[in-house]
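Enquirer: Sequence and computational prediction follow.
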There are 2 protein chains.
Amino acid sequence: MPDQHSLEETERATQERVGRLAVDFPAAHAIMSLYRAANAARSHLTNTVLRPHDLTWTGFLVMWLLWLWRSMETRHVAESVGISKATLTGVTKTLVARGLIDRVPSAVDRRLVSLQLSDKGEELMAELYPEFNRAEAELVAGIPGADITTLTESLRHIVTVAEEHDPTT
Amino acid sequence: MPDQHSLEETERATQERVGRLAVDFPAAHAIMSLYRAANAARSHLTNTVLRPHDLTWTGFLVMWLLWLWRSMETRHVAESVGISKATLTGVTKTLVARGLIDRVPSAVDRRLVSLQLSDKGEELMAELYPEFNRAEAELVAGIPGADITTLTESLRHIVTVAEEHDPTT
DNA sequence: GTGTTACTGTTCGGGCCCGAACGATTGCCA
DNA sequence: TGGCAATCGTTCGGGCCCGAACAGTAACAC
C-alpha cells in the first residue's frame, strides 16, 4: 500500500504544481517504481531469508560474490556490490568478526587485500543460496517470461546511463 | 563497470556451486539488476541534482510528497516514501532544522503530527523538481516507450508481491 | 467510570553508507 | 636514483536506516 493516491491524482497534482512546464510522467513513474521495488524486494528478502541467519543484505551480497569467485580483491568487491570502499571496510569488519570471511593480504602488492569465505562461510552460503533464489523467483513469478527479459535489459540500460553520466566514474 | 565477469561466467560459476540443484537465473538476474539500477539511479540523481542543494535522496522524497499534497500525516509520509517511522523522525528533524518543512500537531488527535513545506521549502521544490524530472527522463531515454510501460508495470508487480508476503504488513 | 486494547510518534543501539582526507605503497620517468 | 603522480584500503564525521521498547493518547467494552 505505497500510496494513498492514485497515479492519476498524482499526475494531476504534479501538473498543477509545475504549471505550464512539461513533465515526463512515464519517466517519473518508472524511476519512482524502480526505487520502491528495489526497497521492497530488499526488505522482503532480508526479512524472510537473511534475518533468520542474522545476515545483512550487503553482507550477503559480499558473501555471494566470494562464494562464486572464491577470492576477490576488495576494490572489485566494492564495485561489484555497488558500495564505496569506505562502506566495504565496515561490512568486512563485521563479517570477519563473525568468522564468515577472511582477509588475505597480497604478497606481491602490499596495498592490496583479498577476501574469501571461511569454511563456516562456505557452509552458510551452500545452505542459504538455494533458499534465497527461491525467494527471488517468487518475487518475479506472475510476470510473463518475455517481460522479465525486457525488465532486466531496461534495468541494465539504466545502470549504464547512470554510471557513465556519473562524474565520479 | 559493475562486473568483472560476464553473465555467462556468473551463471556457470553459480551452477557449479549449487551442483545439480535448479537455479532460476532470469529471476536472479532481474533482482540483482533491480537493486543495482535503483542504487545507480539514486546515486546519479543525488550527485547531479540534489547534492548541489545539499539535499538527501530521502529528504527530497519527503519534500516532494509535501509539495504535491500540501500536508500529510507523518505515518502516511513514511509509508509513501517506504521508510520506517523511526527513520522519518530523523529525516524530519534535519529538514525542520534547515527550515524547509514545518511540523503541525493535530488539534483533534494529539497523537498525530502533520508535515508541510515552509515558504523556503516551496521555493526550493519549484526550482528543483523540473531539474529532477529532466534527469529522470535522461535515465530512461533510449528505452523504447512500450518497454518503459512494461518496466513500470513489472516493478509495481514486484512491489505488490514483496509487500503482501511481508509479515510486517 | 475504568480497564483494556490499539495506535501514535519518539528514543535507543547498532549497522550501513558516503565523501573527504589520510598514510602507505607502487610505478613511472627524468 | 630520486621525485612525483596514481592507487590502495582505512579512518573520520555525519546522516540514513531499522527493530524493539517506550510513553502518551484515543477508542471501546463493560
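Expert: That came in fine, so what should we check first?
Enquirer: Now do the domain split for chain A, please.
Expert: By the assignment in automatic domain parsing, chain A contains the domains A:1-53, A:55-139.
Enquirer: Please identify which of those domains is closest to chain B.
Expert: Among the domains of chain A, the nearest to chain B by Cβ to the nearest Cβ is domain A:1-53 (3.3 Å). Where you see a C-beta, it was placed from the backbone N, CA and C, and this is true even at glycine.
Enquirer: what about the closest one, near DNA strand C?
Expert: No. Judged by Cβ under 7 Å from any atom of the strand, domain A:1-53 stays clear of DNA strand C, getting no closer than 8.6 Å.
Enquirer: swap in stretch A:149-164?
Expert: No. No part of stretch A:149-164 sits near DNA strand C under the criterion Cβ under 7 Å from any atom of the strand; the closest distance found is 12.0 Å.
Enquirer: got the buried residues for that stretch?
Expert: A:150-152, A:154-163 (16 or more other Cβ atoms under 10 Å in any protein chain shown).
Enquirer: Return the closest of the residues you listed with respect to A:Thr74.
Expert: Within the buried residues of stretch A:149-164, the smallest distance to A:Thr74 is 19.6 Å, found for A:Glu163 (Cβ to Cβ).
Enquirer: Helices along chain A, start to end?
Expert: Under the criterion DSSP state H, chain A contains helices at A:7-18, A:25-45, A:57-69, A:74-81, A:85-97, A:119-140, A:145-164.
Enquirer: got JSON lines for the ones you listed, with mean pLDDT too?
Expert: Listed next are these as JSON lines, based on pLDDT from 0 to 100:
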{"stretch": "helix A:7-18", "mean pLDDT": "87"}
{"stretch": "helix A:25-45", "mean pLDDT": "94"}
{"stretch": "helix A:57-69", "mean pLDDT": "96"}
{"stretch": "helix A:74-81", "mean pLDDT": "95"}
{"stretch": "helix A:85-97", "mean pLDDT": "97"}
{"stretch": "helix A:119-140", "mean pLDDT": "95"}
{"stretch": "helix A:145-164", "mean pLDDT": "91"}
